[in-house]
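Asker: Pasted the sequence and its predicted model underneath.
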Amino acid sequence: MTTTLDQWRAQARAAQETDRQVLRLYHVAYRIAPIGHILTNPHATADDIAYAITRIPRASAAAARLLALPGVADHEETPYALSFLTTAERALTAPSTQLLKTANTARAAATAAAANHDDLRYVLFSDIEDRCRQLVDAVHTGWTRHEHAGSKAVLDLAARWGLSPDAPPADGDQQPPVPAHIAQEAARRAEIRARCAAGIRCTRTTCLAYGAVWTHDGTDQGPFLCPGCIPAANAERAARGFAPTLKAVPGGVPAGARYSVTLYNGTGPGRRTVTCLSPQEAQFTAETVRPFNNTGYTIHVTTTP
């Protein structure tokens, strides 16, 4: 059968339109691919997860509309374009997504527990978050039976403590059991909190008593020292040629002051500063926050106008 010029032109226009729609499909799928990678990022936040689980279904719906157009589904480039979208869609139902959701829920719950001085829940929820993020990180190297079992265990633990949307209601006031190492760490934090109730620890290594006072040498802020250590500290300063002498600040720390705890790496680069409202909070932060393997700390007072 002979094809007329008009028919050939119509076929060419149809093929050109199909190519254009396939290119649109490719752009939709290609742009969603990096968003799908969010769901395998162990550091993804709750906002990141919400963004990904909203965008991927929208992209799937847009792709479905394009596939319904004439010739798009049968085009030779369509499978390649859809491969990007398929990877992102699989991430929605992958175990890593549920782990990330649980990790961010646990982080929020741990923050609330810390504000309420609930050491057991803080330690437990922080541990759940860390385990979830470690499992997500292991996705890139491939899971073994160990990771699958660990995922089920941590999600079950989170569900028992109400960190999962489909968790069963709590049985009255009965507290679910916790692992022994979690209970030990919570007890350790409670012991530190009790010690820090007296205030900031004296910076002299021969003393280290709690309840030290703020000192000043008239020109610069001095260390926190207990009253009995101030004369000894001044004697040491005089022996090294430092003057003037340290004195306890009259009236103590001014109202509205902030305590800045600088945590630093004792064996390498890196530091982090945390602002606290009370001396008890500052000392507790200094003794419990460990961003480095060998963390040291200093505490300074920052006055506010």
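Answerer: On my side now, so go ahead.

Asker: pLDDT weak spots in this structure?
Answerer: Applying pLDDT under 70 to the chain picks out residues 1-3, 5-8, 10-12, 14, 165-173, 220, 304-305.

Asker: Compute the number of surrounding residues for the residue lying closest to residue 56 once chain neighbours are set aside.
Answerer: If the residues on either side of it in the chain are set aside, residue 56 comes closest to residue 88, at 5.0 Å by Cβ to Cβ, 6 or more residues apart in numbering. The way it works is simple: take the backbone N, C-alpha and C, and place the C-beta from them, glycine included. Residue 88 has 24 neighbouring residues, counting by other Cβ atoms under 10 Å.

Asker: any idea how far residue 94 is from residue 88?
Answerer: Per Cβ to Cβ, to the nearest Å, residue 88 is found 10 Å from residue 94.

Asker: again with residue 300
Answerer: Between residue 300 and residue 94 the computed distance is 46 Å (Cβ to Cβ).

Asker: In three-state terms, label residue 198 for me.
Answerer: coil (DSSP: H, G, I helix; E, B strand; the rest coil).

Asker: For it, give me its contacts.
Answerer: 210, 211, 280 (Cβ atoms under 8 Å, 6 or more residues apart in numbering).

Asker: swap the cut-off to 10 Å and go again
Answerer: Taking Cβ atoms under 10 Å, 6 or more residues apart in numbering, we find residue 198 in contact with 209, 210, 211, 212, 226, 279, 280, 283.

Asker: Max pairwise distance over the residues you listed: which two?
Answerer: Farthest pair in the contacts of residue 198 (Cβ to Cβ) is 226 and 280. Separation: 15.6 Å.

Asker: rewinding a little: save the contacts of residue 198 as CSV, and put in secondary structure too.
Answerer: Listed next are those as CSV, based on three-state DSSP:
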residue, secondary structure
209, coil
210, strand
211, coil
212, coil
226, coil
279, helix
280, helix
283, helix
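
Asker: And the buried ones among those, selectable in PyMOL?
Answerer: Isolation of the buried members of the contacts of residue 198 (16 or more other Cβ atoms under 10 Å) is achieved in PyMOL through the command below:
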select buried, resi 210+211+212+226+279+280+283
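
Asker: Residue 193: which of the contacts of residue 198 is nearest?
Answerer: Among the contacts of residue 198, and counting by Cβ to Cβ, the member closest to residue 193 is residue 280, at 8.1 Å.

Asker: Now do the closest one against residue 198, distance only.
Answerer: 8 Å.

Asker: doesn't residue 175 make contact with residue 183?
Answerer: No. Counting by Cβ atoms under 10 Å, residue 183 stays clear of residue 175, with 11.0 Å between them.

Asker: overlap in contacts of these two?
Answerer: With Cβ under 10 Å, 6+ apart, residue 183 and residue 175 have common neighbours residue 120.

Asker: Residue 275 looks like it's in a strand, true?
Answerer: Yes. Counting by three-state DSSP, residue 275 is part of a strand.

Asker: measure it to residue 302 for me?
Answerer: 8 Å.

Asker: Now list whatever residues contact both of the two.
Answerer: 258, 259, 260.

Asker: burial of the closest residue to the first one other than its chain neighbours, as a residue count?
Answerer: When the adjacent residues along the chain are set aside, residue 258 lies closest to residue 302, with 4.6 Å between them (Cβ to Cβ, 6+ apart). Under the neighbour criterion other Cβ under 10 Å, residue 302 is assigned a count of 10.

Asker: Can you tell me how far residue 302 is from residue 88?
Answerer: In this view, residue 302 and residue 88 are 46 Å apart by Cβ to Cβ.

Asker: same question, residue 202
Answerer: Distance from residue 202 to residue 88, counting by Cβ to Cβ: 56 Å.

Asker: contacting residues for the residue nearest to residue 56?
Answerer: Residue 88 touches 29, 31-39, 52, 55-57, 59-60, counting by Cβ under 10 Å, 6+ apart.

Asker: now do 6 Å
Answerer: 32, 33, 36, 56 (Cβ atoms under 6 Å, 6 or more residues apart in numbering).

Asker: Closest to residue 134 out of those?
Answerer: Closest approach between these and residue 134, by Cβ to Cβ: residue 36, at 20.8 Å.

Asker: which residue sits closest to that closest one in space, ignoring its chain neighbours?
Answerer: The spatially closest residue to residue 36, leaving aside those adjacent along the chain, is residue 88, at 2.9 Å (Cβ to Cβ, 6+ apart).

Asker: can you redo the shared contacts of residue 275 and residue 302 as CSV with distance to residue 149?
Answerer: Converted to CSV, the shared contacts of residue 275 and residue 302 look like this (distance: Cβ to Cβ, whole Å):
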residue, distance to residue 149
258, 46
259, 44
260, 44
